[in-house]
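Visitor: sequence and predicted structure below; questions after.
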2 protein chains.
Amino acid sequence: MAKSPSKPITEHLAYLLAQANREINRQLDARFRKEGVPVEQWRILKVLSDGKGHSMGELAEAVLLNHPTLTKMVDRMVSDALVYRVQDAEDRRKVLMFSSDRGKALTQRLNSLALSQEAFIAENYGNKATADLKRLLESLIEKAN
Amino acid sequence: MAKSPSKPITEHLAYLLAQANREINRQLDARFRKEGVPVEQWRILKVLSDGKGHSMGELAEAVLLNHPTLTKMVDRMVSDALVYRVQDAEDRRKVLMFSSDRGKALTQRLNSLALSQEAFIAENYGNKATADLKRLLESLIEKAN
DNA sequence: TGGAAAATATTGAATATTCAACGATTCCCG
DNA sequence: CGGGAATCGTTGAATATTCAATATTTTCCA
């Protein structure tokens, strides 16, 4: 008996997610290009924009980076004077991260670039589709954990 | 006037996609662990499983890798005797990639691991939600290009 | 209380990815 | 036809990420 052809890669959820993620990220990166900031740094800055200190562990989780990668990215951001570290007085194993004024100013510029991308997507793709997609993704993430 | 708080990172489509992609990929990687193969190699093998030769450019596009990264990954796979290169006789700039027998056998094992993951997701997340999500992702990708 | 175990962040070495430049081949048009 | 431009894949250097090991501090319980 001949072997039945397997489902093409393009029909796998994992592949569709990778493809969509890559494309959207690429577009966002293109918008961020003029600020010379990778998407991950925007995420970090955005999380820190509440002004509260966030530990490296918290941050790593929130910005989808593992610990060593985050440490090194934060090193670069400290060099660029975007963020700074403060040892946590409550638990001295922890380091609390804060955004500098320069970081906050950059965050605002990046936020508006990101919002303009979202607006562009909603326009081309439809408000309902966008909302549906977000809802389904949230629910998938929730189930997956 | 106080600055209005910006939309949290978790409400951005780009972030939701990154998060979902990361989680699903992580799960798939965990299943592939026993074969010691990264997800990208499964994609390559899967594309090559039609038995036709695929050029590096075609492959790079299909498996979401840029050219130099693919070249080096293919180098490793050639070392592992999973795939092999043949110069295209029609256009000698091109290299056609093929899966070896060993590669094909591995592909089948990986396919069944991937299918079992898909089944698991459909079960926990719902068949309708899964189908809807796939459809929305396909449509987003189409619009984004 | 004392000390083993756990949690937190960083480091250094190994590995992988990316960017820019290159070599080879084919295309195209004057 | 001839030769500049485009296409295709690879390479090497620079950069980034990951894994395992480490140092520090806190927690827990015997």
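Guide: Arrived safely.
Visitor: now tell me what touches the top helix by length along chain A from outside.
Guide: If you go by DSSP state H, chain A has its longest helix at helix A:101-125. Contacting residues not belonging to helix A:101-125 are listed as A:24, A:27-28, A:31-32, A:35, A:37, A:42, A:45-46, A:48-49, A:77, A:81-83, A:99, A:130, B:6-7, B:12-14, B:139-140, B:143-144 [CB atoms under 8 Å, 6 or more residues apart in numbering or on different chains]. In short, each C-beta sits where N, CA and C put it, glycine included.
Visitor: what residues sit buried inside that helix?
Guide: Neighbour-count burial for helix A:101-125, counted by 16 or more other CB atoms under 10 Å in any protein chain shown, picks out A:103-104, A:106-107, A:110-111, A:113-114, A:117-118, A:121, A:125.
Visitor: does residue A:51 count as helix, strand or coil?
Guide: Three-state call for residue A:51 (DSSP: H, G, I helix; E, B strand; the rest coil): coil.
Visitor: show the pLDDT at it.
Guide: Residue A:51 carries a pLDDT value of 95.
Visitor: what does residue A:2 give?
Guide: 53.
Visitor: and the angle for the strand or helix carrying residue A:30 with helix A:101-125?
Guide: Assigning secondary structure by DSSP states H and E places residue A:30 in helix A:13-32. Interaxial angle of helix A:13-32 relative to helix A:101-125 (axes from the mean of the first three to the mean of the last three CA atoms, to 10 degrees): 120 degrees.
Visitor: following helix A:13-32, which helix or strand shows up next?
Guide: In N-to-C order, the element after helix A:13-32 by DSSP H and E is helix A:39-48.
Visitor: show me what that next one is in contact with.
Guide: A:25, A:28-29, A:32, A:54, A:59, A:62-65, A:70, A:73-74, A:77, A:82-83, A:97-99, A:103-104, A:106-107, A:110-111, A:114, B:6, B:8-9, B:14-15.
Visitor: from those, keep the buried residues only.
Guide: Buried among the contacts of helix A:39-48 (16+ other CB under 10 Å): A:25, A:28, A:32, A:54, A:59, A:62-65, A:70, A:73-74, A:77, A:82-83, A:97, A:99, A:103-104, A:106-107, A:110-111, A:114, B:6, B:9, B:14-15.
Visitor: brilliant, that's me finished.
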